[in-house]
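J.: Only the shape, not the letters, is given here:
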Ligand SMILES: Cc1cc2nc3c(=O)[nH]c(=O)nc-3n(C[C@H](O)[C@H](O)[C@H](O)COP(=O)(O)O)c2cc1C
Ligand SMILES: Nc1ncnc2c1ncn2[C@@H]1O[C@H](COP(=O)(O)OP(=O)(O)OP(=O)(O)O)[C@@H](O)[C@H]1O
């Protein structure tokens with residue numbers, strides 16, 4: 001997929017938890033301010049699931065439904081497979097360039113490219129990059145998909161659900177641009 005301009009956020013977004021929701025909100029708000037497309041770039045399966053390090057919190061369908069409530073203009077779903085995983089950080093930067101990002105929004109711990117070679121700071125060397133501070137919960141712990149998995153494993157489903165925060169989320173009004181999020185499948 002190629003675009004003229006966009007604001008893009010990138011990640012596995014498994015669970016679309018409160019940290020992810022902050023990235024999505026900031027991305028859509030920045031795109032609307034600039035009058036350009038808001039893009040969510042995600043991977044399926046989540047890399048940790050692909051590498052056998054975790055069970056997925058939610059299905060791809062559920063993830064896309066949750067992301068759609070924020071009304072991005074495009075969702076890119078990269079097929080995270082044995083070919084894709086060989087891409088280096090520089091390969092990934094070259095692919096991202098096709099979207100012509102005016103702004104990239106990620107969290108501090110974002111890693112990309114084979115062997116997790118790319119960092120948020122590397123992104124910043126190539127794109128105007130906003131690195132958001134981590135969203136924490138009441139006890140000061142950083143909200144993460146891993147933490148939600150651990151809470152679920154310990155039988156603390158209610159606590160896990162609090163971090164996902166899908167009960168009381170205020171959903172965005174319908175997109176004023178192109179209606180429902182559009183699903184794109186990234187080519188390899
Ligand atoms: C092209 C590419 C190759 C990757 N290769 C690896 C890898 O070899 N090992 C790994 O643990 N993660 C790998 N990842 C996953 C990233 O480290 C990271 O988990 C992913 O980009 C999602 O970011 P997030 O976990 O912050 O959402 C790769 C990601 C990309 C985009
Ligand atoms: N608590 C958080 N606050 C702000 N940004 C976050 C938070 N958690 C994740 N992010 C960002 O969201 C994007 C997607 O991250 P990712 O899908 O790896 O979530 P994660 O919760 O860190 O997952 P995991 O625990 O499996 O590593 C990345 O840019 C990441 O830096």
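T.: Perfect, I can see it now. Note that the coordinates shown come from a computational prediction; the quantities given were computed from them, not determined experimentally. Ligands and ions are numbered 1, 2, ... in the order given.

J.: switch to C-alpha atoms for all contacts and neighbour counts from now on
T.: OK.

J.: burial measure for residue 141, as a count.
T.: Look at residue 141: counted by other CA atoms under 10 Å, it has 11 neighbours.

J.: Can you report phi and psi for it?
T.: phi -70, psi 140 (degrees, to the nearest 10).

J.: What score does it have for pLDDT?
T.: Looking at residue 141, its pLDDT stands at 92.

J.: Residue 19 versus that one, what's the distance?
T.: 12 Å (CA to CA, to the nearest Å).

J.: what ranges do the strands span in this protein?
T.: 6-11, 37-44, 74-79, 101-107, 111-112, 118-119, 129-132, 182-185 (DSSP state E).

J.: Sheet partners, orientation included, of the fourth one?
T.: So that's strand 101-107. strand 6-11 (parallel), strand 129-132 (parallel) (DSSP bridges).

J.: among those strands, which is nearest ligand 2?
T.: Closest approach to ligand 2 among the strands paired with strand 101-107 is made by strand 6-11 (3.6 Å; CA to the nearest ligand atom).

J.: by how many degrees do that closest one and strand 37-44 diverge?
T.: Angle, strand 6-11 to strand 37-44, by axes from the mean of the first three to the mean of the last three CA atoms, to 10 degrees: 20 degrees.

J.: Strand 6-11 and ligand 1, are they touching?
T.: Yes. Using CA under 6 Å from any ligand atom, we find that strand 6-11 touches ligand 1 at residue 11.

J.: just stretch 84-104 next, same as before
T.: Yes. Stretch 84-104 lies within reach of ligand 1 by CA under 6 Å from any ligand atom, at 84-88, 92.

J.: so how far is the top helix by length along the chain from its chain's centroid?
T.: Criterion DSSP state H: the longest helix present in the chain is helix 18-34. The chain centre lies 11 Å from the centre of helix 18-34; the measure is CA atoms, centre = their mean, to the nearest Å.

J.: What angle do strand 37-44 and that helix make with each other?
T.: Using the same axes, to 10 degrees, helix 18-34 lies at 150 degrees relative to strand 37-44.
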